[in-house]
Structure formats: C-alpha cells, structure tokens
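J.: Starting from these lines, generate the structure:
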Amino acid sequence: MRLVLTLLLLLGVLVSTPTLADPFHKSAARPPSEGAVADPSPVGGFFTWLAERQHRLNDAIADAFHDVESGGSRAALALILGLAFFYGVLHAAGPGHGKTVVASYFVAHHARWTSGILMGSLISLIQGVSAIVLVGTLAMVLRAKQIEILNRGTMVEFVSYGLIVVIGVWMFYRAATGELHHHDHQVEGGKGHRRGDHHKLNPRLILATGLTPCASAIIILLFALANSAFGLGVIAVTVLTIGMAVTISTIGVAAVLGRRALIAMIDKAGMETHRLERGLAMAAAVVIVGVSGLMMYDAWVRL
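T.: Here you go, the predicted structure:
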C-alpha cells in the first residue's frame with residue numbers, strides 16, 4: 001500500500017502548477033520580476049525556471065520569423081527549426097501533454113520499453129497534427145481571428161480530457177473487478193510478473209490524449225501566418241513534436257522500467273505480486289481520472 005501511495009505522489013508531481021504548461025497562454029505565469037519571491041519548493045522552482053526558458057525561446061522564435069519575412073536567410077530558417085526542437089523538449093517537460101497518462105498507463109500495464117517510445121511519439125504527433133488542422137481550417141479557410149482559434153483549441157482540449165476521464169473510469173473498473181489482471185494471465189499464460197510483454201497499446205487512450213492540440217504549436221503557426229510563412233510554420237511544428245516526443249517517450253520508458261524493477265524486487269522477496277499489480281492498475285486509473293478531471297476543469301474555466 002505504501003508503494004502505491006508513493007506512486008501516486010510521484011505521478012502527482014507531473015501535473016503540478018498547470019498554469020505553467022503553456023507559456024503562450026493568456027493565464028500562463030510570466031517570469032518573476034525583480035524582487036519577486038520565488039517558489040521555495042524544488043518542484044515550483046523547476047517549473048518557474050522552465051517557464052522562463054520557454055518564454056525566452058518564444059521571443060527568439062518570434063524574432064526569427066520576423067527575420068524570415070524580411071530577409072528569408074537560411075540562418076533564420078535553421079534557427080527556427082533548432083529553437084522549435086529544443087522548445088518541444090522543454091515544453092513537454094512541463095505539466096500537461098499526456099505525460100501523466102503515459103506514466104500511469106505503463107505503471108498499470110506490463111509492456112515493452114519500446115511501447116513507451118511508440119506511445120509518446122504517437123501522442124506528440126497527433127497533438128501537432130491537430131494544431132495544424134485547427135489553425136489551417138480556422139485561420140485559412142474560415143478566416144477566424146487569433147483569439148477565436150485559441151478558444152476553439154480550448155474547447156477541443158476540454159472534450160479531449162473528458163474522453164480520457166471516461167477511459168480512466170473504464171480502466172479502474174477493469175482493475176477493481178480483476179478483469180484486467182485475469183485477461184493478462186489468459187493472454188500470457190503465467191504469473192503476472194513473468195509475462196511475455198504482449199500487452200497492446202490502447203489506441204482510444206492515445207487518440208484521446210493526442211486530440212488536444214498543442215497550444216504552443218498553435219502560436220507558432222499564428223506567428224507563421226502573421227509573417228506569411230505558414231509552410232515554414234508547419235515544418236517548425238513538426239520539429240516541435242519531435243522534441244516533445246523525446247521527453248514524453250523518455251517518461252514512458254522510465255515508467256515501463258520502473259514498474260518492471262518494482263515487480264522484480266517484490267518477486268525476489270518471495271511476495272505475491274498479483275495484488276501489487278492490481279493495486280498499481282487501480283492507482284494509475286485514479287491518477288488518470290483525477291488529473292484529467294482537473295485539466296478538464298481548467299479548460300472549462302478558460303472557455
């Protein structure tokens with residue numbers, strides 16, 4: 001039980017201070033001014049530092065797009081792509097972007113470490129594509145204004161988190177009734193901690209998580225539109241999603257390996273692991289529902 005509670009606390013860190021998830025958002029915290037009292041906690045300090053770096057990259061990307069419009073130099077193009085990649089890595093390290101869903105999912109299921117890379121990459125890709133489709137449709141076809149595009153993105157975000165809540169409830173039901181554990185044993189024909197890593201990723205969970213368009217990708221595309229360089233904006237967003245995939249996939253792999261190490265440790269001690277596995281699955285489902293519910297509420301407030 002202590003291990004399960006510890007897991008909940010660690011996963012909770014991934015969703016701390018949600019307003020720092022997107023430095024472009026109207027409610028995002030700006031870097032602290034001189035003389036301001038910084039958050040003394042390690043987590044708060046990290047996210048404050050992260051927000052500052054993202055704001056600097058944001059300004060640098062905006063300046064680079066202006067340079068492309070005025071001169072179109074190769075150096076400016078390379079700078080945009082390089083900044084987009086590093087921005088993606090840092091941006092995904094902040095709250096949001098499905099990290100908690102990914103970590104919780106692999107805590108609940110025994111899987112290959114390559115599944116962590118695949119799931120993180122797919123979620124990042126879908127988030128980038130949804131942003132491109134949203135901006136391309138609203139701005140270029142419907143001629144919507146920037147604030148309207150951001151509001152539509154928030155609505156999609158609200159629906160996306162709602163779908164994740166439903167899936168999380170379903171995962172909890174399966175874990176609580178033993179259906180998930182029983183199914184895994186049937187598929188892999190042995191003890192839960194000695195499985196053959198045959199668990200398949202849940203495409204509905206991946207789609208629901210990736211459906212939320214990345215707000216930073218939306219802003220980059222708006223920068224591109226303002227400077228008559230939408231094509232370059234699409235390329236920059238593609239590079240951004242690669243950077244995001246690096247971070248989210250790393251978290252997925254860490255969750256897979258962490259779960260595997262925990263189960264092996266319990267097994268080595270001669271203790272039964274099926275109860276722990278069931279508890280981990282239930283705890284992961286609770287985290288998914290709780291976090292997605294909070295993010296859903298946050299999106300509702302911003303509508």
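
J.: ok, longest helix in the chain?
T.: helix 230-268 (DSSP state H).

J.: so what secondary structure elements neighbour that one?
T.: Secondary structure elements in contact with helix 230-268, counted by 3 or more CB pairs under 8 Å, 6 or more residues apart in numbering; DSSP states H and E, are helix 42-70, helix 74-93, helix 99-108, helix 113-135, helix 215-226, helix 274-302. Every residue, glycine included, has its C-beta placed from N, CA and C.

J.: Now do the third one and helix 230-268, the angle between them.
T.: In other words, helix 99-108. 30 degrees (axes from the mean of the first three to the mean of the last three CA atoms, to 10 degrees).

J.: Tell me the buried residues in helix 99-108?
T.: 99-108 (16 or more other CB atoms under 10 Å).

J.: That helix to helix 274-302, inter-axis angle?
T.: Using the same axes, to 10 degrees: helix 99-108 against helix 274-302 is 170 degrees.

J.: and the angle for the longest helix of the chain with helix 74-93?
T.: Using the same axes, to 10 degrees: helix 230-268 against helix 74-93 is 30 degrees.

J.: Now do helix 230-268, average pLDDT.
T.: Mean per-residue pLDDT for helix 230-268: 92.

J.: Of the helices and strands packed on helix 230-268, flag the one that's most buried.
T.: Of all the helices and strands packed on helix 230-268, helix 99-108 carries the top mean neighbour count, a mean of 27, counting by mean count of other CB atoms under 10 Å.

J.: Just give me how far that helix sits from the chain centre.
T.: A distance of 10 Å separates the centroid of the chain from that of helix 99-108, by CA atoms, centre = their mean, to the nearest Å.

J.: how about that helix as PDB, C-alpha atoms only?
T.: The C-alpha trace of helix 99-108 is given here as PDB (Å, rounded to 0.1, in the frame of the first residue of the first chain):
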ATOM      1  CA  LYS A  99       2.900  12.700 -19.500                       C
ATOM      2  CA  THR A 100       0.800  11.600 -16.500                       C
ATOM      3  CA  VAL A 101      -1.500   9.500 -18.800                       C
ATOM      4  CA  VAL A 102       1.600   7.800 -20.300                       C
ATOM      5  CA  ALA A 103       3.300   7.200 -17.000                       C
ATOM      6  CA  SER A 104       0.100   5.900 -15.400                       C
ATOM      7  CA  TYR A 105      -0.700   3.700 -18.300                       C
ATOM      8  CA  PHE A 106       2.600   1.900 -18.200                       C
ATOM      9  CA  VAL A 107       2.500   1.600 -14.400                       C
ATOM     10  CA  ALA A 108      -0.800  -0.200 -14.800                       C
END
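
J.: List of residues touching it?
T.: Residues from elsewhere that reach helix 99-108 (CB atoms under 8 Å, 6 or more residues apart in numbering): 7, 11, 14-15, 92, 115-116, 119-120, 123, 164, 171, 175, 180, 202, 205, 209, 247-248, 251-252, 254-256, 258-259, 280-281, 283-285, 287-288, 291-292.

J.: and it, what's its mean pLDDT?
T.: 90.

J.: Likewise for stretch 163-170?
T.: 92.

J.: ok, of the helices and strands packed on helix 230-268, where does mean pLDDT dip lowest?
T.: helix 42-70 (a mean of 76).

J.: what's the helix or strand for the residue of the chain most remote from its centre?
T.: For the chain, the C-alpha farthest from the mean C-alpha position belongs to Gly270; by CA atoms, centre = their mean, that distance is 36.3 Å. Under the criterion DSSP states H and E, no helix or strand holds Gly270.

J.: Next one: it relative to Ala64, how far apart?
T.: According to CB to CB, to the nearest Å, Gly270 and Ala64 sit 59 Å apart.

J.: What count of nearby residues applies to Leu257?
T.: For Leu257, the count of nearby residues is 13 (other CB atoms under 10 Å).

J.: how close does the nearest residue to it once chain neighbours are set aside sit to Val246?
T.: Using CB to CB, 6 or more residues apart in numbering and skipping residues adjacent in sequence, the residue nearest Leu257 is Trp113, 6.1 Å away. Applying CB to CB, the value for Trp113 to Val246 is 15 Å.

J.: my guess is Ser249 meets Ser121, correct?
T.: Yes: at 5.9 Å, Ser249 and Ser121 qualify as touching, with contact defined as CB atoms under 8 Å.

J.: and the residue lying closest to Leu232 once chain neighbours are set aside, what is it in contact with?
T.: Nearest residue to Leu232, sequence neighbours excluded (CB to CB, 6+ apart): Ala224, at 5.8 Å. By CB under 8 Å, 6+ apart, the contact set of Ala224 is 65, 230-234, 236.
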